[in-house]
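Peer 1: sequence and predicted structure are below.
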Amino acid sequence: MINSPEKAATLSAENVTNQLRTLILNGSLGIGVQLKQEALAQQFGVSRIPVREALKRLEAEGLVTHAVHQGSVVASRSVDDLLETLDIRIGLESRALVLAIPHMTPAVFRKAETILARYDASDIPGEWSELNLEFHLCLYRPCGKNRLLSMIEHLVRSVDIHLRAHQSAAIGRKSSQKDHRVLLDACMAGNTERARKLLERHIAQTQEALQQTRQVQP
């Protein structure tokens, strides 16, 4: 069946949205980069209509903002906004972990240990964020709450580029891995309350590090 022009435009907008989102979240399009509709249309081989729609969608997600005299740009986020998002993450991720622990299996633990080993072996800062997210989602997936998992992944990815802009990628890497191993041990022991507290503290440490950046800002 031949797609109508309207449906084709919607599909194109979805594709452009997904590609732009990926470029923003992986840092290929840095904070403050201007997003010109005409150039993007040429890059993706589409008209300006799906590009315009994609920018609107990404603006709704908080990844793009409209700046005076610049048009659409990759959004920046304030420290207060990031701190609040981390608070939300604490709530969502703690709930996912508590629900997941009773359903964790030896296969889950083996996968988590493999991810941590890859993390230890990696010398590429760009990989650490992905491995960190992969580890946490590995622990949360047994909760079986797909919408909750999707919300967590979206929140983590939406703030990662901004956190990296405020902090050195190398800060806290060893500490983070130590936290991961202690958290995994608590999960393997089935100690739900200890695991929850460890996770909350793990994310709160990121908040504390972010707060410290205020001291060096003009």
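Peer 2: Cool, got the structure.

Peer 1: Ala112 in helix, strand or coil?
Peer 2: helix (DSSP: H, G, I helix; E, B strand; the rest coil).

Peer 1: any idea how far it lies from Pro106?
Peer 2: To Pro106, Ala112 is 11 Å away according to Cβ to Cβ, to the nearest Å. For every residue, glycine as well, the C-beta is placed using N, CA and C.

Peer 1: now Ile49
Peer 2: 51 Å.

Peer 1: ok, those two, which is more surrounded?
Peer 2: A direct count of neighbours by other Cβ atoms under 10 Å for Ile49 and Pro106 places Ile49 higher, at 14 against 8.

Peer 1: and that one, what element?
Peer 2: Using DSSP states H and E, Ile49 maps to helix 48-60.

Peer 1: which parts of that helix are buried?
Peer 2: Under the neighbour-count criterion of 16 or more other Cβ atoms under 10 Å, helix 48-60 has 50-51, 53-55, 57-58 buried.

Peer 1: and that helix, what does it pack onto?
Peer 2: Packing partners of helix 48-60 (3 or more Cβ pairs under 8 Å, 6 or more residues apart in numbering; DSSP states H and E): helix 5-25, helix 37-44, strand 64-67.

Peer 1: can we see that at 6 Å?
Peer 2: If contacts are counted by 3 or more Cβ pairs under 6 Å, 6 or more residues apart in numbering; DSSP states H and E, helix 48-60 sits against helix 5-25, helix 37-44.

Peer 1: and for that helix, what's in contact with it?
Peer 2: Helix 48-60 is contacted from outside by 9, 12-13, 16-17, 20, 37, 40-41, 64, 72, using Cβ atoms under 6 Å, 6 or more residues apart in numbering.

Peer 1: circling back to that earlier point, rank the helices and strands packed on helix 48-60 by pLDDT, which is bottom?
Peer 2: Out of the helices and strands packed on helix 48-60, helix 5-25 stands lowest, with a mean of 78 (criterion: mean pLDDT).
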